[in-house]
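J.: sequence and computational prediction follow.
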Amino acid sequence: MDLHFGDSKPTDEEREAVDALLGPPQSSWEGADRSDADLRWARGGREARERRDLLLPGLHALNDRIGWISEGALDYLCRRLTVPPAEAYGVATFYAMFSVRPRPATVLHVCTDLACAAAGAADLCAGVEARLGAGSGVAVERSPCLGLCERAPAALAIRAGDPVRTAVSAPATVERAVAAGGAPGSADDEPPAVMAVPQAGDPSLVLLSRVGVVDPADLDDYRAHGGYSALRRAFAIGPAAVIREVTDAGLVGRGGAAFPTGRKWQATASQPDHPHYLVCNADESEPGTFKDRVLMEGDPYALVEAMTVAAYAVGAHQGYLYLRGEYPRALRRMEHAIGQARARGLLGDDVLGQGYAFDIEIRRGAGAYICGEETALFNSIEGYRGEPRSKPPFPVEKGLFGKPTVENNVETLVNVLPVLTMGAPAYAAIGTAGSTGPKLYCVSGSVDRPGVYELPFGATLGELLERAGVRERLRAVLLGGAAGGFVRPDELDIPLTFEGTREAGTTLGSGVVMAFDDTVPLPRLLLRIAEFFRDESCGQCVPCRVGTVRQEEALHRIAERTGAAAADDIALLREVGRAMRDASICGLGQTAWNAVESAIDRLGAYE
């Protein structure tokens, strides 16, 4: 392996940041200051290569401490892990939250995505940029969705240092955003997670029943409200019976694909190759989605318990929680919950004294929408660019580190707890025959009470919007986020089930329900969706890499032209959209045209 290290040297602070993660270097090859060492051979190179999965945490360590990743720092990290610097550079530049160029220690991310755009993000950005000009010591970056849609518009300030400090401003004004950028970490004045749950206290709630009721930092409080009863039942009935319960309950994935969870678990559990892994996908980057954040902030022990149940069922002893880099409070809550569970014997070598070993490691994302795709997420954890893999083989056969892997999102896993506590028949009785159980919906936009709503499958779109207080002069509703589709105000009787939305020619997706009244300029909204997909395409396959750019270019032209010229571009959009849908390697390219197509066909966006 030809590593081609450069001559740049890390600063003492950069070296300390890497060594705090990896431990002190053991040889001059790794960067130790030993003048008598022989650099003609590498000691421990094989062991270092087996730690490549620490590349992403290493990049975070540098970015958190310094605010950006210098050439010398990257070279030093690569020496420690025996990773070619060219490959590490490709990884570092893949993520939006990292910078390989000097920038101020404080970065203020201002969301410009759909919900925030409708709430005045353009004026907010302009005002913040005018106040925080050159020399302010704060870099202002326009950001995709920050997962704070119920409090739009939103801003997130991150100040590098030891420790890194953060501040959230939502709903943000120019003054609040500037104040957050000036003193991140000085106070945690974020409202509690329960404020994002308008139904809080409703006795009919299942998934959200503990949010606002239990102290998210108190393990005893969680157990006093039914916590760990599902895991105890899982140990009582055994792994095969747990999978049978999940299968009989009809639980399907809540991330959008709706794949039967029991089938996925059974396929993984039956693989003879070991070890098996469990991965929780908490990288909810779909614009308009924030339900997983609310669950992790308001009921973190539920996710720890649910991951333990899932791992026990499939025979996994190591779990990874891949958490959005834009969720600082969720990170703190999950770190605390995992630490407390480990200290109390609920994680570790002997969970609940049952002789079963399982532990959870948190891996932070760094601003890449594509890492929500399961195989891209695996590549990210392993220390490679977060690009999707071709299938087959499927993750249940060869997933993380080439081993059988179960990947589920937060909402899917948390649903496992009521499946076991109430039993499969009672759980299956909720909802409809084709879509069982409760579902979480992220409602934002032109409503009076935005937030996360829990309803049984089968409720209509109109019933949900009525609960949220939809405003007058409704223009359109976006279902499923940027990868979803628009529906008209006269289509609010659509049942919110996977089969119901499919029959209506749209999608339920991850549960995004974004309402827009007639004050929101629809063409500008569609252009923002196109910009989002252009930015977030990983570039691996031509249909998506080129198609997302062509889609954005055509929408720019349509905004400036009418009549026959616009019709030509709409025809081009359809052709490009079909190519992306048919030939893209993953769901990003396959769905990048959906929202624009539905706006043209259902809403007459350019008529």
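T.: Received it, and whenever you're ready, just let me know what you need.
J.: all strands of this structure, in order?
T.: 106-111, 138-143, 155-159, 165-169, 276-282, 316-323, 359-364, 405-409, 438-445, 451-456, 474-479, 485-487, 512-517 (DSSP state E).
J.: what residue ranges in the stretch 251-400 of the chain score low on pLDDT?
T.: Nowhere does the stretch 251-400 of the chain drop to pLDDT under 70.
J.: helices of that one, residue ranges please.
T.: 261-269, 291-298, 300-314, 328-343, 374-382 (DSSP state H, counting those that start in this stretch).
J.: CSV for these, including mean neighbour count and distance to residue 511?
T.: All C-beta atoms are positioned from the backbone trio N, CA, C, and that covers glycine. Listed next are those as CSV, based on neighbours: other C-beta atoms under 10 Å; distance: least, C-beta to C-beta, whole Å:
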stretch, mean neighbour count, distance to residue 511
helix 261-269, 21, 16
helix 291-298, 27, 6
helix 300-314, 26, 17
helix 328-343, 19, 17
helix 374-382, 24, 18
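J.: and residue 74, which of those helices is closest to it?
T.: Relative to residue 74, the nearest member of the helices of the stretch 251-400 of the chain by C-beta to C-beta is helix 374-382, separated by 17.3 Å.
J.: for that closest one, list the C-alpha coordinates in CSV.
T.: Presented in CSV, the C-alpha positions along helix 374-382 are these (Å, rounded to 0.1, in the frame of the first residue of the first chain):
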residue,chain,number,x,y,z
GLU,A,374,-28.5,1.6,4.8
THR,A,375,-25.5,0.5,2.8
ALA,A,376,-24.2,4.1,2.6
LEU,A,377,-24.5,4.2,6.4
PHE,A,378,-22.4,1.0,6.6
ASN,A,379,-19.7,2.5,4.4
SER,A,380,-19.7,5.6,6.6
ILE,A,381,-19.2,3.6,9.8
GLU,A,382,-16.5,1.6,8.2
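J.: that helix vs strand 405-409, what angle?
T.: Relative orientation of helix 374-382 versus strand 405-409 (axes from the mean of the first three to the mean of the last three C-alpha atoms, to 10 degrees): 110 degrees.
J.: contacts made by helix 374-382 with the rest, please.
T.: Contact with helix 374-382 is made by 52-53, 56, 279, 281, 283, 320, 322, 363, 365, 368, 370-371, 385-389, 391, 395, 399-401, 405, 407, 538, 586, as judged by C-beta atoms under 8 Å, 6 or more residues apart in numbering.
J.: which intervals of the stretch 51-200 of the chain have sub-threshold pLDDT?
T.: 185-188.
J.: top helix in the protein by residue count?
T.: helix 563-583 (DSSP state H).
J.: what's that one packed up against?
T.: helix 542-560, helix 587-591, helix 594-603 (3 or more C-beta pairs under 8 Å, 6 or more residues apart in numbering; DSSP states H and E).
J.: dump it to PDB, restricted to CA.
T.: C-alpha atoms of helix 563-583 as PDB (Å, rounded to 0.1, in the frame of the first residue of the first chain):
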ATOM      1  CA  GLY A 563     -45.500  29.100 -22.800                       C
ATOM      2  CA  ALA A 564     -43.800  26.800 -25.300                       C
ATOM      3  CA  ALA A 565     -40.400  27.300 -23.900                       C
ATOM      4  CA  ALA A 566     -41.500  26.100 -20.400                       C
ATOM      5  CA  ALA A 567     -43.400  23.200 -22.000                       C
ATOM      6  CA  ASP A 568     -40.100  22.000 -23.600                       C
ATOM      7  CA  ASP A 569     -38.300  22.100 -20.200                       C
ATOM      8  CA  ILE A 570     -41.200  20.200 -18.600                       C
ATOM      9  CA  ALA A 571     -40.900  17.500 -21.200                       C
ATOM     10  CA  LEU A 572     -37.100  17.400 -20.500                       C
ATOM     11  CA  LEU A 573     -37.800  17.100 -16.800                       C
ATOM     12  CA  ARG A 574     -40.000  14.100 -17.400                       C
ATOM     13  CA  GLU A 575     -37.400  12.400 -19.500                       C
ATOM     14  CA  VAL A 576     -34.700  13.100 -16.900                       C
ATOM     15  CA  GLY A 577     -37.000  12.000 -14.100                       C
ATOM     16  CA  ARG A 578     -37.700   8.700 -15.800                       C
ATOM     17  CA  ALA A 579     -34.000   8.100 -16.300                       C
ATOM     18  CA  MET A 580     -33.200   8.800 -12.700                       C
ATOM     19  CA  ARG A 581     -36.100   6.600 -11.400                       C
ATOM     20  CA  ASP A 582     -35.100   3.700 -13.600                       C
ATOM     21  CA  ALA A 583     -31.300   3.700 -13.500                       C
END
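J.: would you mark the buried spots in it?
T.: 566, 569-570, 572-573, 576-577, 579-581 (16 or more other C-beta atoms under 10 Å).
J.: nearest to residue 64 among these?
T.: Distances from residue 64 to the buried residues of helix 563-583, taken by C-beta to C-beta, are shortest for residue 580, at 35.9 Å.
J.: now the closest one: closest residue in space that isn't a chain neighbour?
T.: residue 547 (4.1 Å; C-beta to C-beta, 6 or more residues apart in numbering).
J.: go on, residue 233?
T.: residue 420 (4.9 Å).
J.: likewise residue 543?
T.: Using C-beta to C-beta, 6+ apart, the closest residue to residue 543 is residue 583 (4.1 Å).
J.: ok, that neighbour to residue 379 distance?
T.: For residue 583, the distance to residue 379 (C-beta to C-beta, to the nearest Å) stands at 21 Å.
J.: hmm, back to that, gap between the residue nearest to residue 233 and residue 351?
T.: Counting by C-beta to C-beta - residue 420 and residue 351 are separated by 15 Å.
J.: of the two, who's got more company?
T.: Shown here are residue 420 and residue 351; by other C-beta atoms under 10 Å, residue 420 has more neighbours (25 against 22).
J.: can you pull the contacts of that one?
T.: With C-beta under 8 Å, 6+ apart, residue 420 has these contacts: 230, 233-234, 242, 245, 309.
J.: ditto for residue 282
T.: 292, 296, 321-324, 327, 330, 409-410.
J.: ok, and the most crowded of these?
T.: Ranking the contacts of residue 282 using other C-beta under 10 Å puts residue 292 first, with 31 neighbours.
J.: how close does the nearest residue to it once chain neighbours are set aside get to residue 534?
T.: Excluding the flanking residues, the one nearest residue 292 by C-beta to C-beta, 6+ apart is residue 410, at 3.8 Å. As judged by C-beta to C-beta, residue 410 and residue 534 stand 28 Å apart.
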